[in-house]
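# here is a sequence with its predicted model. Questions after.
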Amino acid sequence: MKTVLVVEDEAIALEDLRDSLLDIDPALEIIGVQTAMDAIELIGNRKTDNPKHIDGVFLDIELPGMNGIQMIERIGEPLPPIVLVTAHAMMALDAIGSGVIGCLLKPVDQQKLLKAYKKMKAIADAPPKQIAPGDEFAHGSESRVLLRDRNGIHMVNVLDFSLLTEEHGSTRIFFGPHSVVVPHALSTMETGLDREHFFRVNATAIINLNRVTHYTTSPTGLFVAGLPDGSSAEFSPERSRIFQSRFEL
């Protein structure tokens, strides 16, 4: 990883984060901008052969004009790995799964910043993923599968799966307004899904983080993911802790 973009509207906070990153990696090139529109232009250049391509982004959520979450939605895929920087952890939940790999709370702790940077670097420096032959549900931007139900055959992009649930030893896959049962256990399905996008929330359900419409918490403090069809999936206590740790919430 060579170049990181820091998006922060407060000049002092931007310089503080820049200095903290340089303490971690003095060779890192850091580009700082204070608006979402400037960031969009720079990240867009990453999709070309521009030598100033962006390898990772530290993104403040509360920006003037267009906030960080709106910025992510505006850019679309492909995105570099993004770490959110915010004073409000719950605001970050709406962006998780959209290229977001973590969240840092202000004021930023140096050890947590180091952890986030190492994760970002590992993703940015990793070679392209190879899909193993016969792994029909392995994730890929062009990966499609054929799913059959009584209405016919659906050709579905794996990233269009919104929810997978255990059903009598098989798995029901939800996508758009449809759902189809496939003869594979949920645990088997999980091994073929990209964990950057899919997350097991409890013993019987896996969600696509990109398809979650919103997050809430239950009366007992567990995360609850809202899904496009109006349903929801509640995290188990253990998976809720893992989710919180993974995204530094």
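Happy to help now that I have it. Computed from a prediction, not measured in an experiment: that's the story for all the values here. Residues are numbered from 1 along each chain as shown.
# pretty sure L21 sits against A116.
No: taking Cβ atoms under 8 Å as the contact criterion, L21 and A116 are not neighbours in contact, 10.0 Å apart. For every residue, glycine as well, the C-beta is placed using N, CA and C.
# same drill for the two, tell me which one is more crowded.
Neighbour tally, L21 and A116, criterion other Cβ atoms under 10 Å: the higher count belongs to A116, 24 against 20.
# domains for this structure, by residue range?
Segmentation of the chain into domains, based on automatic domain parsing, reads 3-125, 144-246.
# may I see those arranged in JSON lines, with mean pLDDT as well?
Conversion of these to JSON lines gives the following (pLDDT from 0 to 100):
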{"stretch": "domain 3-125", "mean pLDDT": "86"}
{"stretch": "domain 144-246", "mean pLDDT": "90"}
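# spit out the contact partners of L17.
L17 makes contacts with 6, 8, 58, 85, 108, 113, as judged by Cβ atoms under 8 Å, 6 or more residues apart in numbering.
# OK, contacts around the most far-flung residue of the chain relative to its centre?
Taking Cα atoms, centre = their mean as the measure, the residue most remote from the mean C-alpha position of the chain is R150, 33.5 Å away. With contact taken as Cβ under 8 Å, 6+ apart, R150 is in contact with no other residue.
# then K115?
Taking Cβ under 8 Å, 6+ apart as the criterion, K115 is in contact with 102, 248.
# same check, this time on the one 5 residues further on
M120 sits next to 1, 4, 55-56, 81, 83, 101-102 when contact means Cβ under 8 Å, 6+ apart.
# and stretch 106-123, what's buried?
Residues of stretch 106-123 classed as buried by neighbour count (16 or more other Cβ atoms under 10 Å): 106, 108, 113, 116-117, 119-121, 123.
# and the helices in this protein, which stretches?
Along the chain, the stretches classed as helices by DSSP state H are 11-24, 36-44, 68-75, 89-92, 110-125, 186-191, 237-246.
# in CSV: those helices, plus distance to G221.
Formatted as CSV, the entries for those read as follows, by distance: least, Cβ to Cβ, whole Å:
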stretch, distance to G221
helix 11-24, 30
helix 36-44, 32
helix 68-75, 23
helix 89-92, 12
helix 110-125, 21
helix 186-191, 25
helix 237-246, 8
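# wait, which of the ones you listed is closest to L209?
Shortest distance between L209 and the helices of the chain, using Cβ to Cβ, is found for helix 237-246: 9.5 Å.
# centre of the chain versus the closest one, how much separation?
Its chain's C-alpha centre and that of helix 237-246 lie 15 Å apart, by Cα atoms, centre = their mean, to the nearest Å.
# equivalent analysis for stretch 100-120, please.
Offset of stretch 100-120 from its chain centre (Cα atoms, centre = their mean): 15 Å.
# and for stretch 147-163?
Between the centre of stretch 147-163 and the centre of its host chain there is 22 Å, according to Cα atoms, centre = their mean.
# stretch 58-70 now?
16 Å.
# how about residues contacting that stretch?
Applying Cβ under 8 Å, 6+ apart, the set of residues contacting stretch 58-70 is 4-10, 13, 17, 21, 34-37, 39, 71-72, 74, 82-88, 91-92, 94-95, 104.
# for the residue farthest from the centre of the chain, phi and psi?
The phi and psi torsions at R150 (degrees, to the nearest 10) take the values phi -70, psi -20.
# how far away is it from N157?
Distance from R150 to N157, counting by Cβ to Cβ, to the nearest Å: 22 Å.
# which among the contacts of stretch 58-70 count as buried?
A residue is treated as buried here by neighbour count (16+ other Cβ under 10 Å); on that basis the buried members of the contacts of stretch 58-70 are 4-8, 13, 17, 21, 34, 36, 39, 71-72, 82-86, 91-92, 94-95, 104.
# distance of the closest residue to S179 other than its chain neighbours from S231?
Using Cβ to Cβ, 6 or more residues apart in numbering and skipping residues adjacent in sequence, the residue nearest S179 is R172, 5.4 Å away. Using Cβ to Cβ, one obtains 12 Å as the distance from R172 to S231.
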